[in-house]
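In: Sequence below, structure please.
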Amino acid sequence: MTIDEDEMRALTASEAVAAIHHGRLRAVDYVQSALARAQACAGLHALTYLEVDAALASARRIDALSIDRKRHLPLAGLPVVVKANINVADMPTCAGTPSLEGFIAKRSTRSVTRLVEAGAIVLGKANMHELAVGITSTNLSPHAGPVRNPYDVTRIPGGSSGGTAAAIAARLAPAGLGTDTGGSVRIPAALTGIVGLRPSVGDGGGERRYHDPHGVVPISRTRDTVGPMARTVADVALLDAVIAAESSFAPARLAGLRIGLPAPLWGILDRQLEELARAALDRLADAGVEFVDIALPELLPLSERISAPIAFHETGRDVPEWLAANEGPVRGIEAVLERIASPDVRRIYEAVAAGDFAAHYDEAMTHGRPALQRLYAEAFAAERVDALLFPTTPLPAAPIDAVNGSSTVSIDGGAPIDEFGAYLRNTSPGSLAGIPGLALPAGMTRAGLPIGLELDGPLGADRRLLAIGAACEAVLGVLPPPALEGLSP
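Out: The predicted model follows:
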């Protein structure tokens, strides 16, 4: 049975791999379709680089294998996109910034290597917020451009992994990799109606689920991680199983599941988003979930106090180390800062270069962060909850600010607040604690904008969190594809 173009685009990653395994779909046809879609949707600015010849050559190698050998490759023929700050051998790692434009990585980072060894095919590199320092993906570098949300091309897709999210939502590819420091996988997943996982990081070492030393242009070694993104929880779980060398899983049983609702993360919300989120809770409660209200009054004040000192003090140390380890084209923070194109990113890098975050770093690492980690651990234990559930972002996608890269937003008619802080409010605490977080779609506003819910789990409970997410997805459903109206280069 032949699978036509529309059917190919509708395939989830798991379905596509199954079709290739059973000989119903040729990898080369699937990759050609993805490349054609990417070229037709260039106006989204989702991708900054396409690897056409190598991707097709890889697809032909997959097609030449016997059925039995294909079935031993869990990602046989699967096209993926990889964020522009993640090293893929012989492809550019520009991190969306002019000082790294044209830099070619000599080797792939471990997460990418594991995907490729499992049969995945890297189509190209995804656009992003410049240097990953932002949540809009409005990149003002000449070679990048602002990433557009496929559900409304006048609005942001979220960031910093906005290119990966937009490419998946627009059916340019079924799956991909982003990175997450404070919400950079989960925020764009929520705003574009897809699924994104921030895996466990903990204190690093054995607690870190994905190990990619010097493989990603960094913000913060304490907080950074690669994260898989796709249209369904099963697809994210498929990529996670390959990267972390884990076994498959079955969805959890919702009946009797205890899930905590952290009050601070259900605070000030866009009214329509809250209505949709509360309706999702009702449906999950009807399916047997028991919800537990958890106060956690210290959560946001503690998170806000330590977030910037940890992330941006480490930027001043970690970026130069990455440049040296990868033999980058420039050396030092000042050389990167000199050519930054986006005003919002420039302001932060100027503060990094001036050492503005140093004074509070030691206290944040030795006292603040351990206190936050204890807060989460005690909440999971005392309340006997399997996960925490809350809106991934306090509001849907905001309009693109093509002048500054990021500006202010108003939540439900309130006073204007910083866009960066507004979208990070709910995702940053869990990332600071190093626990896993899973963003999944929860509906669409009357204007057709996706909104998301996030599940956070105890440290190391990534597969359990995915199992819970899959069960929730079965109740909440997945979103329809975007119409891509108004798209132009």
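In: I'd like the next helix or strand past the lengthiest helix in the chain.
Out: Secondary structure of the chain per DSSP state H: the longest helix is helix 299-325. The element immediately downstream of helix 299-325 (helix or strand, assigned by DSSP states H and E) is helix 333-338.
In: Show the secondary-structure elements that that following helix is packed against.
Out: In terms of contact count using 3 or more C-beta pairs under 8 Å, 6 or more residues apart in numbering; DSSP states H and E, helix 333-338 is assigned the packing partners helix 299-325, helix 343-353. Yep, even glycine has a C-beta here, placed from its N, CA and C like the rest.
In: Enumerate every residue touching the residue nearest to the spatial centre of the chain.
Out: Geometric centre of the chain, nearest residue: residue 185, 1.6 Å, by C-alpha atoms, centre = their mean. For residue 185, the contacting residues are 161, 178, 179, 196, 197, 198, 227, 229, 439, by C-beta atoms under 8 Å, 6 or more residues apart in numbering.
In: Just to check, the fourth one is in contact with residue 438?
Out: Okay, so that is residue 196. Yes. Assessed by C-beta atoms under 8 Å, residue 196 is found in contact with residue 438 at 7.5 Å.
In: list the residues that contact both of these two?
Out: The contact sets of residue 196 and residue 438 overlap at 186, 236 (C-beta under 8 Å, 6+ apart).
In: okay if I get the helices and strands packed on helix 333-338 as JSON lines plus distance to residue 290?
Out: Shown next, in JSON lines, are the helices and strands packed on helix 333-338 (distance: least, C-beta to C-beta, whole Å):
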{"stretch": "helix 299-325", "distance to residue 290": "21"}
{"stretch": "helix 343-353", "distance to residue 290": "42"}
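In: coming back round to it: and which of the contacts of residue 185 is nearest to residue 258?
Out: Using C-beta to C-beta, residue 439 is the member of those that lies nearest residue 258, at 20.6 Å.
In: bridging residues for that closest one?
Out: Here residue 439 sits in beta bridges with residue 196, residue 454, going by DSSP bridges.
In: Look at it and say how many residues are nearby.
Out: When neighbours are defined as other C-beta atoms under 10 Å, residue 439 has 33 of them.
In: same question, residue 296
Out: Using other C-beta under 10 Å, residue 296 has 20 other residues around it.
In: follow-up on the earlier one: please determine how far the residue nearest to the centre of the chain is located from residue 431.
Out: To residue 431, residue 185 is 10 Å away according to C-beta to C-beta, to the nearest Å.
In: Now do the shared contacts for the two.
Out: Common neighbours of residue 185 and residue 431 (C-beta under 8 Å, 6+ apart) are residue 198.
In: helices or strands up against the longest helix of the chain?
Out: Helices and strands touching helix 299-325, by 3+ C-beta pairs under 8 Å, 6+ apart, are helix 333-338, helix 343-353, helix 361-363, helix 369-383, helix 428-433.
In: about what we covered before: and the helices and strands packed on helix 333-338: which comes nearest residue 386?
Out: helix 299-325 (18.6 Å).
In: buried sites along the closest one?
Out: Residues of helix 299-325 classed as buried: 299-300, 302-303, 306-316, 318-320, 322-323 (neighbour count, 16 or more other C-beta atoms under 10 Å).
In: and residue 79, what is it in contact with?
Out: 30, 31, 34, 55, 120, 121, 122, 123, 173, 174.
In: Residue 256 and residue 384 touch, don't they?
Out: No. Residue 256 is beyond contact range of residue 384, at 11.5 Å (criterion: C-beta under 8 Å).
In: Point out where this structure drops to low pLDDT.
Out: 1, 485-489 (pLDDT under 70).
In: so where do the strands sit in it?
Out: 47-50, 79-83, 121-126, 175-180, 195-198, 225-230, 258-262, 290-294, 387-391, 408-409, 417-418, 437-444, 450-456 (DSSP state E).
In: helices or strands up against the fifth one?
Out: Put plainly, it is strand 195-198. By 3+ C-beta pairs under 8 Å, 6+ apart, strand 195-198 packs against strand 175-180, helix 186-192, strand 225-230, helix 233-244, strand 437-444, helix 462-476.
In: Figure out which of those is closest to residue 295.
Out: With distances scored as C-beta to C-beta, the stretch of the helices and strands packed on strand 195-198 nearest to residue 295 is strand 437-444 (20.2 Å).
In: can you put the helices and strands packed on helix 299-325 in JSON lines and add mean neighbour count and distance to residue 480?
Out: Listed next are the helices and strands packed on helix 299-325 as JSON lines, based on neighbours: other C-beta atoms under 10 Å; distance: least, C-beta to C-beta, whole Å:
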{"stretch": "helix 333-338", "mean neighbour count": "17", "distance to residue 480": "41"}
{"stretch": "helix 343-353", "mean neighbour count": "19", "distance to residue 480": "32"}
{"stretch": "helix 361-363", "mean neighbour count": "15", "distance to residue 480": "45"}
{"stretch": "helix 369-383", "mean neighbour count": "16", "distance to residue 480": "35"}
{"stretch": "helix 428-433", "mean neighbour count": "27", "distance to residue 480": "29"}
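In: Same list (these) but as a markdown table, adding distance to residue 276.
Out: Output for these, formatted as a markdown table (distance: least, C-beta to C-beta, whole Å):
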| stretch | distance to residue 276 |
| --- | --- |
| helix 333-338 | 40 |
| helix 343-353 | 29 |
| helix 361-363 | 39 |
| helix 369-383 | 25 |
| helix 428-433 | 21 |
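In: of the ones you listed, which approaches residue 390 most closely?
Out: Closest among the helices and strands packed on helix 299-325, using C-beta to C-beta: helix 428-433, at 9.6 Å.
In: residue contacts, the nearest residue to residue 23 once chain neighbours are set aside?
Out: Excluding the flanking residues, the one nearest residue 23 by C-beta to C-beta, 6 or more residues apart in numbering is residue 67, at 5.8 Å. For residue 67, the contact set (C-beta under 8 Å, 6+ apart) comprises 21, 22, 23.
In: what's the spacing between residue 67 and residue 76?
Out: According to C-beta to C-beta, residue 67 and residue 76 sit 10 Å apart.
In: Thanks a lot, see you next time.
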